[in-house]
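Chemist: Based on what follows, work out the 3D shape:
(2 chains)
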Amino acid sequence: MTERSRFSSLAIVAAAALAASVAPGARGAVRLPATKAEMTALGREHRTASGLYSDFEKQANGGQRLKSEQLPDWSGTYTRDPLSLNFDPDQGFGPLPTAKLTPEYDKRLRDKLDRIKNHIEFDPLSNCAPPGHPRWLTEPFLREFVPTPGTTYLVNEMVNDIRRVYTDGRAHVPEADRYPLYNGDSIGFWDGKRLVIHTNQLRAGQYQRAQPEYSDQVETVEIWEKIDDRHMVAHVWVYDPPSLTEPWYVKQTYTKLADEDRSLRIRYWDCRENQNNDVIKTDNGSSQFRDFTFDKPASPAQPAGR
Amino acid sequence: MSVHDGDTVATALSELGRSLVCALALAALVASCARSSPGAGDTPGGAAAPAPSQSVAGAALVPAEREQKVALGLQFNSGAELYAALKARAGGGAPLSLDDMPDWTGFWQRVGPPLFDPAQKPGELTTAKLKPEARADLERRRELSKQGVEYDPLSNCSAPGYPRWLAIPFLREFIVTPGQTYLFSETMNNLRRVYTDGRDHPPAADAYPLHYGDSIGFWTGHTLVIHTTQVRAGIFHRNDPKYSEQLDAVEVWNRLDADTIGVDVWAYDPETLVEPWYVRQTYKHVSNQDGALRLSYWYCGENPNNVVTETSEGSSQFGDFTFTKPDKK
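Modeler: From the prediction side, this is the model:
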């Protein structure tokens, strides 16, 4: 083989590889580093979530609009992995998160953890409120991910909680029309078979019961990808200047449940059906359930159920 | 041929009339089949399923006129039977092809008054043929409603349930995927799941009443046929009849034109209905050219008035206030 023909062969191989990398169904054009530290550093390179999202969009040349036959197969029923409720699965069993909190939100978290130790706790979910995003990412129960050409629906069984990601090219709601929403406003684009999402217009909330709070300035960028037959991964960067000194990168994993006999079905979640789900927040930040207290009955002789 | 045997002369006459209607409908049906699919001579009630190549596809699966559709329902004792017959006529249906998906995207809104049957005339009690107890219940509730005595479980953020789902207002999305179709209503984030992957209903031993029941379906062309069973008892609408958990229903969904989706519905309920109730629901596409219209989470409990209890007389008691005027002191 001459030098010239060897060069031609290499050029053909390189061209084929390049073509494969940009064809729908390929991994995508957005370059993601391999380690968590690098992912965190990538977040730090941008001041805002919209800055990071714009960078990804530029790398993907604006992204693609996929037709039905080009969409990835995300069908099935998934659940979050692992069972920990921490926003960052890497937190393990320690009490403090991996987030870099501002002093104010660090104090808020420590105060909350102290209250929890004393069984003083209130979670809006107890009263059937939705968790809101980004907490949505960490909730347990079943999930469905439904890509369609113009919108991707991210469904959590709990309180029938559906996020809509618009991939039809629309922009966010104009600033004058924005107001905080539980799941915010999400737009996205396809980069191969990866979905890149930017979410803003969120309500303040908490990442989980024993996790930090976030303000209504919170915004996120997510990259969703099915990494094998059974696993979906979401890379998440959270930006929230009032609560975070730097973007919080976490990786969420969702595992597809076995359902060979197709008996697994998601039903309507009627939260109010449980009559305990009328819960009032008390003055000291605890939870008062309807028609009963956590105090022991005054007399052991009192009949059960009174 | 009858849904429920009767033993009175009136019932016998009714049966005779019904049979005539059925015969006419059948003739029309056969004619429509012959037009749409040469060689497909089977009627919905016929025993033999046509070969797939001869199956009846799409909108031609059911007759065009309301009377014929009513008559079609009368030929079967249950929604399950009607569904099986339609499936046989469609040759078992055909899975959707990713390169030929029906386009039901966008937002939709129901057309018609807050009654289960949009064709109901003003002043009419209902178009449903009710059993005496269900009729008496409806008349009683109508009378109480006129006096301002009314309770609706929706006031307490409960789900409307199926089949009432078909008739409630607000925005809807119909999300079609190859194995499952999601029928979404904005109210209370109501999401019905219709499994079109060939699965059957849960075994009877595992079945229990659900707000939206269990829905399976099949596609024939761009027509979706659904069977729903395993529902909870409820009301078709505030001023409509009640139904029992024995209800099962068949729906035939078609996109009629760029702006319209039509749904033929046959509800069977031996507890409350003397014959299947056929209604036609229509959903109109909502213009959204600039993409400004977006659905957000419906948090019903956010309204503090939405803790509503039913009083002993069947009226509604809202939290922390009454409808009586404060004392003038």
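Chemist: Which helix or strand contains the nearest residue to residue B:103 once chain neighbours are set aside?
Modeler: Distances taken as Cβ to Cβ, 6 or more residues apart in numbering or on different chains place residue B:255 nearest to residue B:103, at 7.4 Å, with adjacent residues excluded. C-beta: built from backbone N, CA, C; applies to glycine. Following DSSP states H and E, one finds residue B:255 within strand B:248-257.
Chemist: in that strand, what's buried?
Modeler: Within strand B:248-257, the residues that count as buried by 16 or more other Cβ atoms under 10 Å in any protein chain shown are B:248, B:249, B:250, B:251, B:252, B:253, B:254, B:255.
Chemist: Report the contact partners of the closest residue to residue B:232 other than its chain neighbours.
Modeler: Nearest residue to residue B:232, sequence neighbours excluded (Cβ to Cβ, 6+ apart): residue B:209, at 4.1 Å. Each residue near residue B:209 by Cβ atoms under 8 Å, 6 or more residues apart in numbering or on different chains is listed here: B:230, B:231, B:232, B:233, B:245.
Chemist: doesn't residue B:245 make contact with the fourth one?
Modeler: Yes: shown here, residue B:233 and residue B:245 form a contact pair, counting by Cβ atoms under 8 Å, at 4.8 Å.
Chemist: ok, which stretches of the stretch 101-250 of chain B are strands?
Modeler: B:107-110, B:171-176, B:180-185, B:190-195, B:214-220, B:223-229, B:234-235, B:242-243, B:248-257 (DSSP state E, counting those that start in this stretch).
Chemist: Switch these over to a markdown table; also include mean pLDDT.
Modeler: Below are these laid out as a markdown table (pLDDT from 0 to 100):
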| stretch | mean pLDDT |
| --- | --- |
| strand B:107-110 | 98 |
| strand B:171-176 | 98 |
| strand B:180-185 | 97 |
| strand B:190-195 | 96 |
| strand B:214-220 | 98 |
| strand B:223-229 | 98 |
| strand B:234-235 | 96 |
| strand B:242-243 | 98 |
| strand B:248-257 | 97 |
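Chemist: Buried residues in whichever strand or helix holds residue A:250, which are they?
Modeler: Using DSSP H and E, residue A:250 maps to strand A:248-256. Going by neighbour count (16+ other Cβ under 10 Å), the buried part of strand A:248-256 is A:248, A:249, A:250, A:252, A:254, A:256.
Chemist: same deal with stretch B:158-171?
Modeler: Neighbour-count burial for stretch B:158-171, counted by 16+ other Cβ under 10 Å, picks out B:158, B:159, B:160, B:161, B:162, B:163, B:164, B:165, B:166, B:167, B:168, B:171.
Chemist: Residue A:284: what's its closest spatial neighbour, skipping adjacent residues?
Modeler: residue A:120 (5.9 Å).
Chemist: ok, and what's touching stretch A:250-261?
Modeler: Contacts of stretch A:250-261 (Cβ under 8 Å, 6+ apart): A:36, A:39, A:76-82, A:87-90, A:98, A:137-138, A:142-143, A:145, A:229-236, A:238, A:264.
Chemist: which of those residues are buried?
Modeler: Neighbour counting over these (16+ other Cβ under 10 Å) leaves A:39, A:76-80, A:87-89, A:98, A:137-138, A:142-143, A:145, A:232-236, A:238 as the buried ones.
Chemist: Tell me which of those fall in strands.
Modeler: Among those, the members falling in strands (DSSP state E) are A:78, A:79, A:80, A:142, A:143, A:145, A:232, A:233, A:234, A:235, A:236, A:238.
Chemist: Which two of the residues you listed have the greatest separation?
Modeler: A:142 and A:238 (24.1 Å; Cβ to Cβ).
Chemist: residue contacts, residue B:231?
Modeler: Residues near residue B:231 by Cβ under 8 Å, 6+ apart: B:161, B:162, B:163, B:209, B:210, B:211, B:212, B:213, B:243, B:245, B:247, B:248.
Chemist: before we move on, the earlier item: between the strands of the stretch 101-250 of chain B, which gets nearest to residue A:128?
Modeler: Of the strands of the stretch 101-250 of chain B, nearest to residue A:128 by Cβ to Cβ is strand B:190-195, at 14.9 Å.
Chemist: Hmm, residue A:156 and residue A:139 touching each other?
Modeler: Yes: taking contact to mean Cβ under 8 Å, the distance of 5.7 Å between residue A:139 and residue A:156 places them in contact.
Chemist: picking up where we left off before, which ones, among the buried residues of stretch B:158-171, also lie beside chain A?
Modeler: Filtering the buried residues of stretch B:158-171 for neighbours of chain A using Cβ under 8 Å from any Cβ of the partner chain leaves B:158, B:159.
Chemist: Now which of the contacts of residue B:209 would you call buried?
Modeler: Applying 16+ other Cβ under 10 Å to the contacts of residue B:209, the neighbour count classes B:230, B:231, B:232, B:245 as buried.
Chemist: So which of those residues are in helices?
Modeler: When DSSP state H is applied, the buried ones among the contacts of residue B:209 are split such that none fall in helices.
Chemist: do you know how far residue B:278 is from chain A?
Modeler: For residue B:278, the distance to chain A (Cβ to the nearest Cβ, to the nearest Å) stands at 26 Å.
Chemist: how many other residues sit next to that residue?
Modeler: By other Cβ atoms under 10 Å in any protein chain shown, the residues close to residue B:278 number 23.
Chemist: Who does it form a beta bridge with?
Modeler: Beta-bridge pairing of residue B:278 under DSSP bridges involves residue B:266.
Chemist: That one contacts residue B:66, correct?
Modeler: Yes: look at residue B:278 against residue B:66 with Cβ under 8 Å: they come within range, at 7.2 Å.
Chemist: What residues does the residue in the stretch 1-150 of chain A positioned nearest to chain B make contact with?
Modeler: For the stretch 1-150 of chain A, the residue closest to chain B is residue A:69, as judged by Cβ to the nearest Cβ, at 4.0 Å. By Cβ under 8 Å, 6+ apart, residue A:69 lies in contact with B:98, B:99.
Chemist: part of a helix, is it?
Modeler: Yes: with DSSP: H, G, I helix; E, B strand; the rest coil as the criterion, residue A:69 is assigned to a helix.
Chemist: Relative to residue A:150, how far out is it?
Modeler: Here residue A:69 is placed at a distance of 15 Å from residue A:150 (Cβ to Cβ, to the nearest Å).
Chemist: Could you pull out the buried residues of stretch A:216-230?
Modeler: Residues of stretch A:216-230 classed as buried by neighbour count (16+ other Cβ under 10 Å): A:216, A:217, A:218, A:219, A:220, A:221, A:222, A:223, A:224, A:225, A:226.
Chemist: again, but for stretch A:162-178
Modeler: For stretch A:162-178, a neighbour-count test (16+ other Cβ under 10 Å) marks A:162, A:163, A:164, A:165, A:166, A:167, A:170, A:172, A:173 as buried.
Chemist: Residues touching it, excluding its own?
Modeler: By Cβ under 8 Å, 6+ apart, the surrounding residues in contact with stretch A:162-178 are A:63, A:65-66, A:133, A:136, A:149-156, A:183, A:185-190, A:195, A:197-198, A:200-201, B:184, B:189, B:191, B:291-292, B:294-295, B:297.
Chemist: where exactly do the helices run in the stretch 51-200 of chain B?
Modeler: B:66-74, B:79-89, B:132-146 (DSSP state H, counting those that start in this stretch).
Chemist: Give me the helices and strands touching the longest one, please.
Modeler: Of the remaining helices and strands, those touching helix B:132-146 by 3 or more Cβ pairs under 8 Å, 6 or more residues apart in numbering or on different chains; DSSP states H and E are strand B:242-243.
Chemist: from the chain's centre, how far out does the strand it packs on sit?
Modeler: In this view, strand B:242-243 has its centroid 13 Å away from the chain centroid, taken as Cα atoms, centre = their mean, to the nearest Å.
Chemist: which residues touch it?
Modeler: By Cβ under 8 Å, 6+ apart, the surrounding residues in contact with strand B:242-243 are B:134, B:137-138, B:163, B:231, B:233-236, B:267, B:269, B:271-273.
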